[in-house]
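Enquirer: from the sequence below, what's the structure:
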Amino acid sequence: MKYVMALFLTFSFLFLAMFGISCVYGYIFPLKYENEIAVASEAFDVDPVLIASVIKCESGYNHEAISMKGAEGLMQLLPSTAEYLAKKLKYGDYDLKNPEDNIMLGTYYLSLLSEQFNDEKLALCAYNAGPGNVQKWLNDEENLDENGELENIPFDETRNYLKKCEQAKKYYNYKRNYYKII
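Expert: Numbers count the residues shown, from 1 in each chain. This next block holds a predicted model:
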């Protein structure tokens, strides 16, 4: 009887430990801000995995994040960019530290960049370095491959940002397929 009880307690402990670890890493509980991401995704026809990836790379899901350049919130929008986007959307009052507002404005910005460059990779580069810089890179043949696509990204930060976003997209696509989130 003692053996059965010890075995039961051991398996119970292992189950609880595995459950706790899986909860910490997001395998059981849904993605943070999943509803806000879904609403913005639907509103602007942007892949929710892309939105989640940008949030992960920009702020690490810290809605209070402020960059050295003054970008704020989950999707790290500059106040001037947010003001432009809010006017264009007729969004009214907003708070960049409010996850719903920040995700909505940031997703709208992603949608505009995707339309402008007609390429997700270029849209991500523009989100990080600005659309003017990306356009300059595209106008310089030294940055293009034989097919006329951007091959050389002159900014280390943007090159690294793109890699991080692509890695995050793989991770969130995995979570979407196997754990039915976003």
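Enquirer: any idea of the mean pLDDT for the helix or strand hosting residue 83?
Expert: For residue 83, the host element (DSSP states H and E) is helix 79-89. On average, the pLDDT along helix 79-89 is 98.
Enquirer: go on, stretch 43-54?
Expert: 97.
Enquirer: just the buried residues of the helix holding residue 83, please?
Expert: 81-82, 85-86 (16 or more other CB atoms under 10 Å). For every residue, glycine as well, the C-beta is placed using N, CA and C.
Enquirer: contacts for stretch 92-109?
Expert: Contacts with stretch 92-109, where a contact means CB atoms under 8 Å, 6 or more residues apart in numbering, come from 33, 36-37, 39-41, 43-44, 46, 51, 54-55, 58, 63-64, 72-77, 79, 81-82, 85-86, 88-89, 91, 127.
Enquirer: picking that back up, continuing past the helix holding residue 83, what's the next helix or strand?
Expert: helix 99-117.
Enquirer: between helix 99-117 and the helix or strand just after that following helix, find me the angle.
Expert: Per DSSP H and E, the first helix or strand lying C-terminal to helix 99-117 is helix 120-129. Helix 120-129 runs at 120 degrees relative to helix 99-117, counting by axes from the mean of the first three to the mean of the last three CA atoms, to 10 degrees.
Enquirer: counting contacts, what elements does helix 120-129 pack onto?
Expert: helix 48-59, helix 99-117, helix 131-139, helix 156-179 (3 or more CB pairs under 8 Å, 6 or more residues apart in numbering; DSSP states H and E).
Enquirer: centre of the chain to that helix, how far?
Expert: 12 Å (CA atoms, centre = their mean, to the nearest Å).
Enquirer: any buried residues in it, and which?
Expert: 120, 122-129.
Enquirer: turn those into a markdown table, columns for distance to residue 170 and pLDDT.
Expert: Shown next, in a markdown table, are these (distance: CB to CB, whole Å; pLDDT from 0 to 100):
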| residue | distance to residue 170 | pLDDT |
| --- | --- | --- |
| 120 | 13 | 97 |
| 122 | 19 | 98 |
| 123 | 18 | 98 |
| 124 | 14 | 98 |
| 125 | 18 | 98 |
| 126 | 21 | 98 |
| 127 | 18 | 98 |
| 128 | 18 | 98 |
| 129 | 22 | 98 |
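Enquirer: so residue 111 touches residue 45, yeah?
Expert: Yes: Residue 111 is within contact range of residue 45, at 6.7 Å (criterion: CB atoms under 8 Å).
Enquirer: more neighbours: these two, which one.
Expert: Each of residue 111 and residue 45 has its neighbours counted (other CB atoms under 10 Å); residue 111 has more, 17 against 10.
Enquirer: do you know how far the more buried one is from residue 33?
Expert: Residue 111 is 18 Å from residue 33, where distance means CB to CB, to the nearest Å.
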